[in-house]
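# Based on what follows, work out the 3D shape:
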Amino acid sequence: MSQTKRKNLLQTIEELRWDLWLAVVTIGLVIFGVVMVYSASAAVKNSQRFLFSQIAWATLGLIAMAVMRRIDYHHYAQPKFIYGFLILCLFLLLVVLFFPAVNGAHRWVTFKSLSAQPSELAKIALVIFLAWFLSERERDGELHDFWATIAPACVVMGLLAILILKEPDLGTTMMLGVVFIIMMFTAGVPLKHLIKLSPVLLVALAGMVVKVAWRWERVKTFLDPESDPLGKGYQILQSLIAVGAGGVNGLGFGQSKQKLSFLIAPQSDFIFAVIGEELGFVGSSTLVLAYAFFLWRGLKAARYAPDRFGGLIAIGLTTGVVVQAYFNISVALNLVPAKGITLPFVSAGGSSLLAALVTAGILLNISEQGKSEEKERNG
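Numbering: from 1, shown residues only. Model prediction:
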């Protein structure tokens with residue numbers, strides 16, 4: 001009897017017009033994020049502010065996700081919308097440079113107590129543009145033409161990257177670069193064209209790292225954090241101590257010691273270190289698997305999307321969320337040089353959380369339309 005009920009429940013879930021599993025993992029990550037922000041910010045001055053802010057942004061984001069789920073993604077495939085969206089992003093990325101710097105970077109547009117990062121909007125804009133542009137080039141039979149396809153796409157990517165680098169924000173620029181390459185490859189752009197870009201990209205990346213003193217110092221710190229344990233290597237060593245102290249099962253919720261004035265930004269950039277200390281290997285691994293599950297459902301939405309445009313949007317948005325998540329985790333584990341990248345759905349940060357939930361809403365709409373078309377084909 002119980003097996004029959006379970007079968008009926010799973011069948012009901014699969015018959016929904018939208019992907020309930022994708023919605024569940026997204027909402028689960030958001031709720032988990034609110035709880036962990038509350039714990040991680042316990043030692044921060046006016047810690048309740050982070051909790052209430054996260055709840056407010058999570059509520060707004062979930063409403064936005066519900067709204068985006070109801071909007072037909074085909075409406076985005078309009079040149080006026082796409083170029084208008086890009087121009088808005090470029091304008092905001094330019095304007096943000098005139099706002100006061102926070103920790104040496106001009107990344108936030110602020111209005112009274114509210115702040116937002118235009119680069120979060122740029123991530124979505126780039127994905128929608130590439131999905132539309134590449135699907136149009138494929139329809140016209142010009143996908144293999146370097147000057148008709150690759151060159152114009154690189155111009156748009158370059159404009160966004162230059163302004164984001166001016167903030168400066170190399171981490172987000174690299175995230176955009178990964179999404180760009182994956183979408184181009186998935187769309188069917190010849191590998192030889194992408195290989196042609198490799199030397200240029202590698203030289204540019206090397207120049208941005210080697211010629212900027214503080215970035216080069218981060219690389220050296222990454223390679224040997226113990227060379228300056230009380231200076232440049234302090235943050236990453238505290239993160240590793242936190243993760244190591246958690247062991248298998250963790251010290252327990254709220255019991256982190258490293259968040260007590262040892263870790264910098266424990267509620268945002270290094271929240272994974274707090275998770276590792278309080279919930280241990282079991283909790284950390286579960287979180288990693290949750291992002292893997294999100295990846296699976298996002299790629300499934302891409303596979304069954306009604307058209308190329310929807311499939312490419314799903315691939316781009318899913319890639320952006322998951323790559324950013326694993327980059328953040330890798331920083332906490334010293335697998336890559338330190339960079340201020342938030343953990344999607346979990347870290348404290350209004351515009352980051354809102355953008356991630358908008359992303360999930362678009363994916364839900366694509367999955368809904370893919371299911372609807374599949375049902376029509378099957379009769």
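# Only C-alpha atoms from now on, for both contacts and neighbour counts.
Noted.
# Excluding covalently adjacent residues, which one is nearest to the residue nearest the centre of the chain?
Centroid-nearest residue in the chain, with Cα atoms, centre = their mean: V321, separated by 3.2 Å. Leaving aside its chain neighbours, V321 sits nearest to P344 (6.4 Å; criterion: Cα to Cα, 6 or more residues apart in numbering).
# Go ahead and confirm that neighbour touches Y326.
No. The pair P344 and Y326 fails to qualify as a contact (Cα atoms under 8 Å) at a distance of 9.6 Å.
# between the two, who's got more neighbours?
A side-by-side neighbour count of P344 and Y326, using other Cα atoms under 10 Å, places P344 first with 28 against 16.
# Could you pull up the residues touching the more buried one?
By Cα atoms under 8 Å, 6 or more residues apart in numbering, the contact list for P344 reads 321, 324-325, 352-353, 356.
# and those residues as CSV, adding distance to G246?
Shown next, in CSV, are the contacts of P344 (distance: Cα to Cα, whole Å):
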residue, distance to G246
V321, 26
Q324, 23
A325, 20
S352, 27
L353, 26
A356, 28
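# and which of these is nearest to F133?
Here the nearest of these to F133, counting by Cα to Cα, is V321; it sits at 21.3 Å.
# Find me the pLDDT at the closest one, would you?
pLDDT, V321: 96.
# In three-state terms, label the residue nearest to V321 for me.
With DSSP: H, G, I helix; E, B strand; the rest coil as the basis, P344 sits in coil.
# got the phi/psi numbers for it?
Per-residue torsions, P344: phi -50, psi 140 (degrees, to the nearest 10).
# Give me the neighbour count for Y76.
Y76 has 17 neighbours, counted by other Cα under 10 Å.
# what's the answer for D228, then?
By other Cα under 10 Å, the residues close to D228 number 12.
# from the contacts of P344, which single one is nearest G280?
Nearest to G280 among these is A325, at 18.0 Å by Cα to Cα.
# check which helix or strand covers the closest one.
Using DSSP states H and E, A325 falls within helix 308-332.
# Next: L353.
Assessed by DSSP H and E, L353 sits inside helix 350-377.
# can you give me the strands for the stretch 1-150 of the chain?
Assigned by DSSP state E, counting those that start in this stretch, the strands in the stretch 1-150 of the chain fall at 109-111, 114-116.
# So what touches the last one?
Just to be clear, that refers to strand 114-116. Contacts of strand 114-116 with the rest of the structure, by Cα under 8 Å, 6+ apart, involve 108-110, 350-351.
# what's the answer for stretch 305-322, then?
Contacts of stretch 305-322 (Cα under 8 Å, 6+ apart): 73-74, 77, 123-124, 127-128, 130-132, 135, 175-176, 179-180, 182-183, 186-187, 291-292, 294-295, 298-299, 301-304, 344, 356, 359, 363, 366-367, 369-370, 373.
# what does stretch 143-157 give?
Residues from elsewhere that reach stretch 143-157, judged by Cα under 8 Å, 6+ apart: 126, 130, 133-134, 137, 142, 176-177, 180, 188-190, 193.
# List the buried residues of that stretch.
Buried residues in stretch 143-157, counted by 16 or more other Cα atoms under 10 Å: 143-144, 149-150, 153, 157.
# Show the average pLDDT along that stretch.
Stretch 143-157 comes out at a mean pLDDT of 92.
# Report the distance from that stretch to the chain centre.
With Cα atoms, centre = their mean, to the nearest Å as the basis, stretch 143-157 stands 24 Å off its chain's centre.
# With stretch 304-315 instead?
Centroid separation for stretch 304-315 versus its chain: 19 Å, with Cα atoms, centre = their mean.
# hmm, back to that, now, which of the buried residues of stretch 143-157 lie within helices?
Among those, DSSP state H puts 153, 157 in helices.
# Tabulate the buried residues of stretch 143-157 (a markdown table), appending distance to I241.
Putting the buried residues of stretch 143-157 into a markdown table (distance: Cα to Cα, whole Å) gives the following:
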| residue | distance to I241 |
| --- | --- |
| L143 | 49 |
| H144 | 50 |
| T149 | 48 |
| I150 | 45 |
| A153 | 43 |
| M157 | 38 |
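# For burial, what's the neighbour tally of F81?
F81: 13 neighbours (other Cα under 10 Å).
# pLDDT at it, what is it?
pLDDT for F81: 96.
# and the host helix or strand of F180, average pLDDT?
For F180, the host element (DSSP H and E) is helix 170-187. Mean per-residue pLDDT for helix 170-187: 92.
# so what does it touch, helix or strand wise?
Where contact means 3 or more Cα pairs under 8 Å, 6 or more residues apart in numbering; DSSP states H and E, helix 170-187 is packed against helix 118-139, helix 151-165, helix 191-210, helix 308-332.
# go with 6 Å
Using 3 or more Cα pairs under 6 Å, 6 or more residues apart in numbering; DSSP states H and E, no helix or strand is in contact with helix 170-187.
# buried set for that helix?
Neighbour-count burial for helix 170-187 flags 170-173, 175-180, 182-184, 187 (criterion: 16+ other Cα under 10 Å).
# Tell me the one of the residues you listed nearest V274?
Checking the buried residues of helix 170-187 against V274 with Cα to Cα, the nearest one is G171 at 21.6 Å.
# residues in contact with that closest one?
Residues near G171 by Cα atoms under 6 Å, 6 or more residues apart in numbering: none.
# now swap in Y38 and tell me
By Cα under 6 Å, 6+ apart, Y38 lies in contact with L51.
# rerun at 8 Å
Counting by Cα under 8 Å, 6+ apart, Y38 touches 47-48, 50-51, 267.
# Which residue lies closest in space to E277, excluding its sequence neighbours?
Of all residues not flanking E277 in the chain, G246 sits nearest, at 3.8 Å (Cα to Cα, 6+ apart).
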